[in-house]
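> Build me a structure from this.
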Amino acid sequence: MENIDLTKIDKVERIQRPTREVFYRDFFFRSKPIIITEAMSDWRALSLWTPDYLKSVIGTVLLPIAVSSNGIFPCDPEKGWSSTCYEEMEFRNYIDLISLKNELKKTYYLQHKSIPEKFPVLANDLEYPEYFNKNNTTMNLWIGSGGNFTPIHYDFAPNFLAQVKGQKQVVLFPPTESARLYPLPLHSENANLSRVNIDKPDLQKLTA
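All right, here's what the predicted structure looks like:
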């Protein structure tokens, strides 16, 4: 793999609530990422979403929770999401479990659960960004135990990531670099996944 000149990497622009016109003209239509500040300032979730609150309103909902012994989801990119193991538990028990943090021997991840369908009461705590048509978007909830890692991949639709609690590191690559990310074959079930572990790349395997 080539050495990368970090001085030539473009920074993602950070803009305070651009107008819809500016957002589409300068970013969306150009497939250019953007960090929008103050976009969540009127969300009730920022103050309401504590563990106790979430358990009180959706605690009995039964959910499949992804489990990994190495923190990677899915565990084997070449086998895709089907390789991920799941444990079914009530939401309140899941919150209690991940609150143990350093005592956990595995990592857990509540993934891609529709808020309107699974947790409709939480929808009242959020506001759709003015940049999107509410009828043409989906709103999903993700909650992890911490230290979770998702392999390099691309999503089939544009994303608006809103971090309500905690922090998440996102690494972006331009589409022009796709071939260097060793994607799985187009005919595979997981063509949107890369075979590269960005934290520990197997250079011998990739150059073989």
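
> how much distance is there from stretch 149-160 to the middle of the chain?
Taking CA atoms, centre = their mean, to the nearest Å, the mean C-alpha location of stretch 149-160 is offset from the chain mean by 7 Å.

> when you give positions from now on, start the count at 25
Sounds good: first residue 25 from here, last item stretch 173-184.

> Need the distance between the two termini of that stretch.
19 Å (CA to CA, to the nearest Å).

> now do stretch 108-127
Using CA to CA, one end of stretch 108-127 lies 22 Å from the other.

> And the contacts of the one helix or strand residue 121 maps to?
In the assignment (DSSP states H and E), residue 121 maps to helix 115-122. Residues external to helix 115-122 that are found in contact with it (CB atoms under 8 Å, 6 or more residues apart in numbering): 75, 78-79, 82-87, 89, 113, 128, 132, 134, 167-170. Bear in mind the C-beta positions are built from the backbone N, C-alpha and C, glycine included.

> which parts of that helix are buried?
115, 116, 118, 119, 121, 122 (16 or more other CB atoms under 10 Å).

> was I right about residue 136 contacting residue 166?
Yes - counting by CB atoms under 8 Å, residue 136 touches residue 166, with 6.7 Å between them.

> So for those two, which sits in the more crowded spot?
Just comparing residue 136 and residue 166: by other CB atoms under 10 Å the higher neighbour count belongs to residue 166, 15 against 11.

> rewinding a little: in helices, which of the contacts of helix 115-122 appear?
Cross-referencing those with the helices (criterion: DSSP state H) gives 75, 78, 79, 82 as the overlap.

> Most neighbours out of those, which is it?
Highest neighbour count within these: residue 78, with 23 neighbours (other CB under 10 Å).

> Tally up the residues packed near residue 155, please.
Other residues lying near residue 155 total 20 when counted by other CB under 10 Å.

> same thing with the one 3 residues further on?
Each residue near residue 158 was counted by other CB under 10 Å, and the total is 8.

> go on, the one 4 residues further on?
As a burial measure, the neighbour count of residue 162 was computed by other CB under 10 Å and equals 10.

> same check, this time on residue 59
Other residues near residue 59 come to 13 when the count uses other CB under 10 Å.

> May I have the predicted confidence score for it?
Here, the pLDDT recorded for residue 59 equals 96.

> Within the helices and strands, which one has it?
For residue 59, the enclosing helix or strand under DSSP H and E is strand 58-61.

> Same question for residue 49.
Secondary-structure assignment from DSSP H and E places residue 49 in helix 44-50.

> Show me what counts as buried in that helix.
So for helix 44-50, counting by 16+ other CB under 10 Å, buried means residue 47.

> cool, stretch 69-85 as well?
Within stretch 69-85, the residues scored as buried using 16+ other CB under 10 Å are 69, 73, 78, 79, 81, 82, 83.

> okay, it in CSV with CA atoms only?
What follows is the C-alpha trace of stretch 69-85 in CSV, where atoms were taken according to Å, rounded to 0.1, in the frame of the first residue of the first chain:
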residue,chain,number,x,y,z
ALA,A,69,-33.1,13.9,22.4
LEU,A,70,-30.0,15.9,23.4
SER,A,71,-31.3,16.4,26.9
LEU,A,72,-33.9,13.6,27.2
TRP,A,73,-32.0,10.5,26.0
THR,A,74,-30.4,9.2,29.2
PRO,A,75,-30.3,5.4,29.9
ASP,A,76,-33.1,5.8,32.4
TYR,A,77,-35.3,7.7,30.0
LEU,A,78,-34.8,5.3,27.2
LYS,A,79,-35.5,2.3,29.4
SER,A,80,-38.7,3.9,30.7
VAL,A,81,-40.2,4.5,27.3
ILE,A,82,-39.0,1.6,25.2
GLY,A,83,-37.5,-0.8,27.8
THR,A,84,-39.7,-3.8,27.0
VAL,A,85,-39.1,-3.9,23.2
